[in-house]
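**Student:** predicted coordinates and the sequence they were generated for:
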Amino acid sequence: MSKLVKELMIDKFVKVYEDDQIFEAVAKVAEDCETLIACVVDSEGRLKGIITPKELLKAVEVCEYGVTRRPFFSGREVLHLLSSRYARDIMSAPISVKADDDVEKAIVIMLDKGFYEVPVVDKDGKVVGEINYFGVISGSIEHCKRE
């Protein structure tokens, strides 16, 4: 029997506004210490994008050291990072699930994108929480025991 996202989600998430400076986004994630992604929202709370740990680390590296030493970054990407100032500059496209979606949809996103958590939005696209790796695996322990 499948589970719904609302059965395993938490109502906690890191909220970052599009116009927040990058250092503010980094500080909010660091202060939280429980979630890994930042949900970039507009003034209405609607999900506009996400900032992943990889994007945060790249931004910190450029900020702290003035350059990135990763050979897989293209020149264009380095220039973009050097000129980025706001959350909207480093965010990825919004990826989310709804509370009434099957948990399997969240698992597919996590596996395909390499995420450990996915924002949960309501019908209006407002962030209401997240579903994460720990919730999924802890919610499946009893089922796995029976198998």
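**Tutor:** Okay, I see it. As the structure is a prediction and not an experimental result, all values here were calculated from the model.
**Student:** and the gap between Pro119 and Ile90?
**Tutor:** Computed as CB to CB, to the nearest Å, the Pro119 to Ile90 distance reads 16 Å. In short, each C-beta sits where N, CA and C put it, glycine included.
**Student:** how about the residue most central in space within the chain, phi and psi?
**Tutor:** Nearest to the geometric centre of the chain sits Ile37, at 3.1 Å (CA atoms, centre = their mean). In terms of degrees, to the nearest 10, the main-chain angles of Ile37 are phi -110, psi 160.
**Student:** got the contact list for the closest residue to it other than its chain neighbours?
**Tutor:** Among residues not flanking Ile37 along the chain, Ile50 sits closest, at 5.1 Å (CB to CB, 6 or more residues apart in numbering). Taking CB atoms under 8 Å, 6 or more residues apart in numbering as the criterion, Ile50 is in contact with Ile37, Ala38, Cys39, Val40, Met91, Ser92, Ala93, Pro94, Ile95, Pro119.
**Student:** on the three-state scheme, Ile50 is what?
**Tutor:** For Ile50, the assignment made with DSSP: H, G, I helix; E, B strand; the rest coil gives strand.
**Student:** so for it, what's the pLDDT?
**Tutor:** We have a pLDDT of 96 for Ile50.
**Student:** ok, Pro71 next?
**Tutor:** Pro71 carries a pLDDT value of 53.
**Student:** then Ser74?
**Tutor:** 51.
**Student:** can you show me the helices along this protein?
**Tutor:** Using DSSP state H, the helices found in the chain span residues 5-8, 22-32, 53-65, 75-83, 87-90, 103-113, 133-138, 141-146.
**Student:** dump those to a markdown table, plus distance to Lys126 and mean neighbour count.
**Tutor:** Formatted as a markdown table, these follow (distance: least, CB to CB, whole Å; neighbours: other CB atoms under 10 Å):
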| stretch | distance to Lys126 | mean neighbour count |
| --- | --- | --- |
| helix 5-8 | 15 | 18 |
| helix 22-32 | 18 | 16 |
| helix 53-65 | 22 | 16 |
| helix 75-83 | 29 | 12 |
| helix 87-90 | 17 | 21 |
| helix 103-113 | 18 | 16 |
| helix 133-138 | 20 | 15 |
| helix 141-146 | 31 | 8 |
